[in-house]
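# Attaching a predicted model along with its sequence, questions to come.
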Amino acid sequence: MKAWRIKAEGELVLEKLEPTAPKKSFVKVKIMYSALSDMDGLLYSGEVLPPQYPITIGRQAVGMVTEVGEGVTNVTRGDRVVIDPYVFCDSCVICNEKEKYTDCLCLKEYGTDEDGFLSDFVIVRCEDLFKLPDRVSDEDAMFASHIATAMNIASKLSLEKGKRIAIMGGTIIGLVLAQIVLYYQAVPILVDSRTDRLEIAESLGIYYCINSTVQDVQKKIFSLTGGSLADSVVHFTASQLSLEQSLSVASFGTKVILAGWSGAKNALYTNMSDIVTKQLKLVGLNNGAKLIPSAINMIANKSVNVSSFITKIIPFSDVETIIKEQMEFPQKEIKVLVKM
């Protein structure tokens, strides 16, 4: 077994590991695709510290089951699967009483809190695996967790026909969410400072795209909505936009969802006046745990298009080179897949 592991800040190595067999309720998976994300770069640079070193990076993966442990019934050898990256604790009050895993108080993530998937083989819990139908490609399945998170956001928005949703940030999840908003016949208004993200959004049928570097976002949304502003707002912490800017486009009493990684530095510092004056309802959200089957269904039915998000597919051996490039040019790539 080989895995890309961060052993210390700035030290990424391709390490040879001893092969192991899966224990009870666990499954061994041969990875076919993994991916690189901004989080991998943050872990590599030391801006984000993992719970322990070394840690295997990689937060998404598609693979094939090669071995199953005792008691596993949901998958068999040879099954093509996508791995749910979220690890719920199954012991907190919410997990035990509500079984609402997206709200788990101790939720962890592979590749950040536990060893991830940039490895030729991984061993994971059987409940984290979901079989893929033939009509879902490996490449599209790599976006299942992004779609799951977007679906979780959408469930909090109470989408209705004609409702205007300001999506503040053309992240991958933001671009998926815009498509889901269209699916429910609501009106997405996508805001970003990056021309390439806005061009992708337009190619996906998102009519209202605002470039925050050349347009006054609040004035533009005021004009588009006839002065009423957005019916709901989604602010992505990974975007280049300020939370204050997002709050300024929200109509009175509306819901504002703060979505993404909670550790994004300075992303959530803002003037509180809009929240209080407009009586806004803030909701935090950072995952799509247990929504992977619904995400697979959306891919299979062509309800969302993710193919334009892939900017590069690299071999397993090039991981370190590309991570160093991403550190130097952080906005260059949208999604880099790693083919094993």
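Alright, I've got the coordinates. Numbering: from 1, shown residues only.
# Can you get me a residue count around residue 218?
Using other CB atoms under 10 Å, residue 218 has 13 other residues around it. C-betas here are computed from N, CA, C, even on glycine.
# Just give me how far the host helix or strand of it sits from the chain centre.
Residue 218 belongs to helix 217-224 when elements are defined using DSSP states H and E. Taking CA atoms, centre = their mean, to the nearest Å, one finds helix 217-224 lying 28 Å from the centre of the chain it belongs to.
# got the buried residues for it?
Buried positions in helix 217-224, judged by neighbour count with 16 or more other CB atoms under 10 Å: 217, 220-222, 224.
# now, which of the residues you listed sits nearest residue 154?
residue 221 (19.7 Å; CB to CB).
# where does that closest one land on pLDDT?
Looking at residue 221, its pLDDT is 97.
# swap in the one 4 residues further on?
What the model reports for residue 225 is a pLDDT of 96.
# Return the distance of the nearest residue to it once chain neighbours are set aside relative to residue 223.
Closest residue in space to residue 225, ignoring its immediate chain neighbours: residue 164 at 5.5 Å, by CB to CB, 6 or more residues apart in numbering. Distance, residue 164 to residue 223, by CB to CB, to the nearest Å: 12 Å.
# First-to-last residue distance for stretch 315-324?
From its first residue to its last, stretch 315-324 covers 15 Å (CA to CA, to the nearest Å).
# And the contacts of that stretch?
Stretch 315-324 is touched from outside by 2, 4, 12, 14, 36, 40-41, 44, 118, 120, 312, 314, 333, 336, 338-340, with contacts defined as CB atoms under 8 Å, 6 or more residues apart in numbering.
# for the helix holding residue 218, packing partners?
Judged by 3 or more CB pairs under 8 Å, 6 or more residues apart in numbering; DSSP states H and E, the packing partners of helix 217-224 are strand 187-192, strand 208-211, helix 243-248.
# Low-confidence stretches in the stretch 201-340 of the chain?
Low-confidence segments of the stretch 201-340 of the chain, defined by pLDDT under 70, span residues 262-269.
# What ranges does it have for its helices?
217-224, 243-248, 273-277, 292-300, 319-328 (DSSP state H, counting those that start in this stretch).
# so which of these comes closest to residue 20?
helix 319-328 (22.0 Å).
# element containing residue 19, please.
Residue 19 belongs to no helix or strand, assigned by DSSP H and E.
# List the single closest residue to it in space, sequence neighbours excluded.
residue 1 (5.3 Å).
# The residue nearest to residue 225: what's it in contact with?
186-187, 189, 224-225, 230-232.
# Can you tell me which of the helices and strands packed on helix 217-224 is most buried?
Between the helices and strands packed on helix 217-224, strand 187-192 has the highest mean count of neighbours, a mean of 26, where neighbours are mean count of other CB atoms under 10 Å.
# sorry, back to before: can you tell me which of the contacts of residue 164 is nearest residue 80?
The closest of those, once distances to residue 80 are taken by CB to CB, is residue 186, at 33.7 Å.
# The closest one reaches residue 166, doesn't it?
No. Checked against CB atoms under 8 Å, the pair residue 186 and residue 166 is beyond contact range at 11.2 Å.
# Tell me which of the two has more neighbours.
Neighbours were counted for residue 186 and for residue 166 using other CB under 10 Å; residue 166 has more, 28 against 21.
# what secondary structure does that one sit in?
strand (DSSP: H, G, I helix; E, B strand; the rest coil).
# In space, what's closest to it - neighbours in sequence excluded?
Here the residue nearest residue 166, using CB to CB, 6+ apart, is residue 230, at 3.7 Å.
# Likewise for residue 79?
Of all residues not flanking residue 79 in the chain, residue 65 sits nearest, at 4.5 Å (CB to CB, 6+ apart).
# cool, and residue 185?
Counting by CB to CB, 6+ apart, the residue nearest residue 185 is residue 161, at 4.2 Å.
# Test my guess that the one you found contacts residue 183.
No. Assessed by CB under 8 Å, residue 161 is found out of contact with residue 183, at 11.2 Å.
# which residues touch residue 231?
163-165, 251, 254.
# same question but for residue 172, I mixed them up
So residue 172 contacts 143, 146, 306, 309, 334-335 (CB under 8 Å, 6+ apart).
# quick one: it and residue 10, what's the gap?
Residue 172 is 26 Å from residue 10, by CB to CB.
# Repeat that for residue 4.
Distance of residue 4 to residue 10, given as CB to CB: 14 Å.
# what about those two, which has more around it?
A direct count of neighbours by other CB under 10 Å for residue 4 and residue 10 places residue 4 higher, at 25 against 11.
# in the stretch 101-250 of the chain, which spans are strands?
Ranges of strands in the stretch 101-250 of the chain, per DSSP state E, counting those that start in this stretch, are 108-109, 121-125, 129-131, 164-168, 187-192, 208-211, 230-236, 250-259.
# could I get these as a markdown table with distance to residue 78?
Formatted as a markdown table, these follow (distance: least, CB to CB, whole Å):
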| stretch | distance to residue 78 |
| --- | --- |
| strand 108-109 | 27 |
| strand 121-125 | 15 |
| strand 129-131 | 11 |
| strand 164-168 | 40 |
| strand 187-192 | 40 |
| strand 208-211 | 43 |
| strand 230-236 | 38 |
| strand 250-259 | 36 |
